[in-house]
Structure formats: C-alpha cells, structure tokens
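>>> Sequence and predicted structure are below.
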Amino acid sequence: MGTRADLITLRGVTAVGHHGVLDFERRDGQPFVVDAVLHSDFAAAAAGDDLTQTASYAEVAERITQIVSGEPVDLIETLAVRIANTILAEFGAIAAAEVTVHKPQAPIAVPFDDVAVTVFRER
C-alpha cells in the first residue's frame, strides 16, 4: 500500500444480534452498532472512475449487518474480529480494517453511555 492513506469510513451500521454470555441476551437480542475504517489505495479506482477497483461501501455495510444478525458469539471481541476478517477475505481492495463494535445496551449495573471494542487487522 506504500504511503497512501486512503480510507473508507462507515459509522453507525446497526443491526440486532443475539450476542452475549447471558441467557436473555441470546434469547431477546439487542442492537449492535459497528464502525469500520477500511484502508485501501484509491489510485486505480480514481484514475478510471471505476467501482470495481475499490470496495462498495454499500456491500460492506450489508455484509456487516449479516454478520451481526448471524451466528451468536459470547464476546463482542469475537464479533469484531469476525467482521474484520470477513471484510479482508471478501473485499480484495481492502488492505486493512479497523472495526469497532458498540454494545449500547450491554447489561452493566451502573450508568454508562456505551461500551465498545476495536480491532485492527491487515493483510
């Protein structure tokens, strides 16, 4: 990728998932919010004004929601890694992915605004 710092940023991609270690989390589900910063090189896409040379952010967002609403896991750490690895595997123009998974309705006994984990994966 050299010294380029071309980024696609998706914020607030939301879907209901059934992730968590507690029975009611698995049963009832809750919203999860995902932010993704995707590192790429836009040179070829920009030169030819060609979507096939980059990653469609609409397709990435759809894939994120499929993963969130898919097979449950205990940890949002696992979910974040699953999302990042899937993006790298399925979208060849992406060289690295920083994925943050927010669990705004996490079962925490004290007042809080958000809980989130962030992972960074690259080829």
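Yep, that arrived.

>>> could you pull out the helices for this protein?
23-28, 43-48, 57-68, 76-90 (DSSP state H).

>>> mind listing what's buried in stretch 11-27?
13, 15, 17-20, 25 (16 or more other C-beta atoms under 10 Å). (C-beta placed from N, C-alpha, C; glycine too.)

>>> Kindly report the same for stretch 74-90.
By 16+ other C-beta under 10 Å, the buried positions in stretch 74-90 come out as 76, 79-84, 86-88.

>>> Same list (those residues) but as JSON lines, adding distance to Ala95.
What follows is the buried residues of stretch 74-90, written out as JSON lines (distance: C-beta to C-beta, whole Å):
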{"residue": "Ile76", "distance to Ala95": "24"}
{"residue": "Leu79", "distance to Ala95": "22"}
{"residue": "Ala80", "distance to Ala95": "18"}
{"residue": "Val81", "distance to Ala95": "17"}
{"residue": "Arg82", "distance to Ala95": "19"}
{"residue": "Ile83", "distance to Ala95": "16"}
{"residue": "Ala84", "distance to Ala95": "12"}
{"residue": "Thr86", "distance to Ala95": "15"}
{"residue": "Ile87", "distance to Ala95": "11"}
{"residue": "Leu88", "distance to Ala95": "8"}
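
>>> Return the closest of the residues you listed with respect to Leu51.
Ile87 (16.7 Å; C-beta to C-beta).

>>> Nearest spatial neighbour of that closest one, chain-adjacent residues omitted?
The shortest distance from Ile87 to any non-neighbouring residue, by C-beta to C-beta, 6 or more residues apart in numbering, is to Ala97 (4.6 Å).
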